[in-house]
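Visitor: 3D model of this:
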Amino acid sequence: MSIWKKNISLESLNRTSKNTLIEHLQIEYTGFTDNSLTATMPVCSFTHQPLGMLHGGASVVLAETLGSLAANYSVDEGSYCVGLDINANHVRAMRSGYVIGTAKPQHLGVSTQVWQIDITDEKQRLVCTSRLTIAVKKHKKAQV
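Guide: Numbers count the residues shown, from 1 in each chain. Have a look, this model is predicted:
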């Protein structure tokens with residue numbers, strides 16, 4: 001059974017990136033299943049830290065991007081999601097290529113969600129693992 005409560009397509013997901021940090025880092029949504037969302041990000045000059053390796057902050061951007069967008073697609077139209085807390089463990093250095101991030105829910109509650117985001121290299125070796133805690137909020141009704 002699918003967790004998605006809104007119509008989901010790669011086109012609609014990638015449209016959300018226009019004029020954002022996500023577009024600047026060339027993060028591209030590449031797939032989804034009934035309970036996961038996947039995206040890629042290049043490892044190159046604009047995602048490097050000064051030593052020429054993937055910047056840990058860029059990995060965290062990818063993780064929060066995946067978890068936050070997945071969370072927002074998994075709630076009803078009257079709700080929206082924002083990040084509360086994120087942690088990341090960087091376990092493998094990368095200098096070039098692409099990383100692939102996959103977000104999967106660990107808890108989909110009424111007021112909070114927890115997402116696990118694993119980032120791998122092109123050989124499916126773990127580069128970073130992250131956990132994102134999300135607050136589920138209700139849109140305020142417009143006053144007439």
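Visitor: Could you pick out the longest helix of this protein?
Guide: What stands out as the longest helix in the chain, according to DSSP state H, is helix 56-73.
Visitor: chain center to that helix: distance?
Guide: Centroid separation for helix 56-73 versus its chain: 2 Å, with Cα atoms, centre = their mean, to the nearest Å.
Visitor: just stretch 87-103 next, same as before
Guide: The answer for stretch 87-103 is 12 Å, by Cα atoms, centre = their mean.
Visitor: Sketch out the low-pLDDT regions of this structure for me.
Guide: Within the chain, the stretches with pLDDT under 70 are 142-144.
Visitor: What ranges does it have for its strands?
Guide: Secondary structure of the chain (DSSP state E): strands located at 28-33, 36-43, 79-90, 97-108, 112-120, 126-138.
Visitor: In CSV: the ones you listed, plus mean neighbour count and distance to residue 52.
Guide: (C-beta placed from N, C-alpha, C; glycine too.) Converted to CSV, these look like this (neighbours: other Cβ atoms under 10 Å; distance: least, Cβ to Cβ, whole Å):
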stretch, mean neighbour count, distance to residue 52
strand 28-33, 17, 23
strand 36-43, 22, 10
strand 79-90, 15, 15
strand 97-108, 18, 13
strand 112-120, 21, 18
strand 126-138, 19, 15
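Visitor: wait, which of those strands is closest to residue 66?
Guide: Closest approach to residue 66 among the strands of the chain (Cβ to Cβ): strand 97-108, 3.9 Å.
Visitor: Quick one: list the elements packing against that closest one.
Guide: strand 36-43, helix 56-73, strand 112-120, strand 126-138 (3 or more Cβ pairs under 8 Å, 6 or more residues apart in numbering; DSSP states H and E).
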